[in-house]
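In: here is a sequence with its predicted model. Questions after.
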Amino acid sequence: MRWLVPVAFVALLALAGGCAELGVVSDGSSISVGKPSGGYLVEGVRLPDRGVGFVTRDVWRARDNRYGTDELIDLITAVAHRMHAQVRDVKLVVADLSGKGGGERIAFHRSHQSGRDVDLLYYMRDASGQAFEPDAMHVFNRFARAADGSGIAIDVPRTWTLVKELITAPEAAVQWIFMYEPIARRVIEHAEKIGEPPALIARARKACRQPGDSARHDDHMHVRVYCSAADRAYGCVDIGPTELLAEREAEPSPMTALVSAMMSGAQVRSDGSATATAIADATDAAEAAAAATASPTAALRDLALGSNTVGATTALGADAAATADAGTSAASAGSAMLAPQQLGRMLRTRTDRIYLRSWR
């Protein structure tokens with residue numbers, strides 16, 4: 001019975017330190033509990049006020065609705081980073097998430113209670129056609145132009161790129177992108193016009209909707225992610241269709257390709273370098289494993305973004321064909337296979353910032 005004393009002592013310390021809720025002892029990972037419009041957030045993560053590709057204006061910083069689940073924060077920062085590679089002149093403006101601890105913030109939102117909601121401003125252009133970072137929300141009409149006559153308009157191509165990044169992001173499964181229906185139609189029509197894959201457009205149609213029980217979202221986009229599998233075990237509740245979640249959960253994990261590639265491993269000489277033959281053999285095996293486990297989300301990203309370094313469609317981000325055609329050295333091939341940023345991406349955390357909350 002002596003073991004009861006230290007266990008009780010540890011539990012008391014956890015409660016005193018504020019790292020636990022009644023019935024929940026946290027390991028530092030976030031937990032979304034309940035519904036978006038009736039829940040709370042345990043160990044929420046604060047989104048920085050600015051970062052690579054994103055910024056938050058004073059009005060939203062003052063509200064301090066800056067907290068979300070691990071998955072939501074990963075999604076925002078990763079999508080903003082990828083958008084920054086495509087949109088260099090302006091940053092994505094991020095508005096409200098949830099308050100610290102979640103719960104009702106009736107002065108601002110009816111939802112945003114459980115750490116799975118974030119408001120993003122549309123990409124915009126001013127009356128002269130110049131891109132800019134808005135410091136406030138602007139109401140837009142069905143033509144995607146500002147209702148106040150300022151000449152401001154939604155940048156539809158860039159907004160589509162943002163939608164595409166969100167619905168194909170590996171960091172979290174996006175359930176909804178709430179937006180004004182005429183604006184959503186314009187965004188999707190643009191996708192059709194530029195020849196985006198039909199499967200990607202079909203996914204966008206399911207996600208981009210005008211809500212029927214709240215504001216029509218003609219001044220911003222409201223993104224909601226599904227409960228993570230871990231959070232569902234603690235009472236996280238998804239409201240509405242779960243079709244996109246079912247599609248995501250039916251996909252093989254990118255870890256399958258990663259493990260297969262590592263298990264096939266190139267043989268290493270005593271000096272630490274791999275032979276060209278061994279690397280080719282390992283790469284072939286990795287590609288076969290990746291092809292066998294490629295997910296629809298990863299495939300859509302490759303089709304839409306023209307990338308061979310995202311998801312499970314390539315093993316460790318290596319392009320064996322390109323490597324062979326270019327006749328690169330064995331060392332180059334080895335470094336391509338083991339590129340730390342690709343390994344980190346497949347593990348859903350940056351290799352320069354691996355910490356326990358990234359692992360459940």
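Out: Perfect, thanks for sending it. Residues are numbered from 1 along each chain as shown.

In: from Val118, how far off is Gly68?
Out: Gly68 sits 6 Å away from Val118 when distances are taken as Cβ to Cβ, to the nearest Å. Glycine gets a C-beta too; all of them are placed from N, C-alpha and C.

In: what do you get for Phe132?
Out: 21 Å.

In: so those two - more neighbours on which side?
Out: Val118 (24 against 15; other Cβ atoms under 10 Å).

In: now Ser29: how far from Val93?
Out: The value you get for Ser29 to Val93, if Cβ to Cβ is used, is 28 Å.

In: Leu41 too?
Out: For Leu41, the distance to Val93 - Cβ to Cβ - is 23 Å.

In: more neighbours: the two, which one.
Out: Leu41 (29 against 23).

In: pretty sure that one is in a strand, no?
Out: Yes. Assessed with DSSP: H, G, I helix; E, B strand; the rest coil, Leu41 lies in a strand.

In: on the three-state scheme, Gly129 is what?
Out: coil.

In: mind listing what it touches?
Out: Residues in contact with Gly129 (Cβ atoms under 8 Å, 6 or more residues apart in numbering): none are found.

In: give me the phi and psi for it.
Out: Backbone geometry at Gly129, expressed as degrees, to the nearest 10, gives phi 90, psi 10.

In: before we move on, what about the one 3 residues further on?
Out: Per-residue torsions, Phe132: phi -150, psi 160 (degrees, to the nearest 10).

In: go ahead and confirm it touches Arg125.
Out: Yes. With contacts counted by Cβ atoms under 8 Å, Phe132 reaches Arg125, the gap being 7.2 Å.

In: low pLDDT regions in the stretch 151-300 of the chain?
Out: 213-214, 252-262, 264-300 (pLDDT under 70).

In: for it, just list every one of the strands.
Out: 153-154, 174-178, 208-209, 221-225 (DSSP state E, counting those that start in this stretch).

In: mind putting those strands into CSV with mean neighbour count and distance to Ala215?
Out: Converted to CSV, the strands of the stretch 151-300 of the chain look like this (neighbours: other Cβ atoms under 10 Å; distance: least, Cβ to Cβ, whole Å):
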stretch, mean neighbour count, distance to Ala215
strand 153-154, 22, 17
strand 174-178, 23, 9
strand 208-209, 20, 13
strand 221-225, 25, 9
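
In: so which of those strands gets nearest Pro36?
Out: Among the strands of the stretch 151-300 of the chain, the nearest to Pro36 by Cβ to Cβ is strand 221-225 (6.3 Å).

In: who's in contact with that closest one?
Out: 36, 69, 71-72, 75, 111, 116-122, 159, 162, 166, 172-179, 211.

In: domain ranges for the chain?
Out: 28-250, 254-358 (automatic domain parsing).

In: for Arg57, which of the strands of the stretch 151-300 of the chain is the nearest?
Out: Of all those, strand 221-225 comes closest under Cβ to Cβ, at 15.5 Å.

In: quick one, the closest one and strand 174-178 angle?
Out: In terms of direction (axes from the mean of the first three to the mean of the last three Cα atoms, to 10 degrees), strand 221-225 departs from strand 174-178 by 160 degrees.

In: what pairs with strand 221-225, parallel or antiparallel?
Out: strand 117-120 (antiparallel), strand 174-178 (antiparallel) (DSSP bridges).
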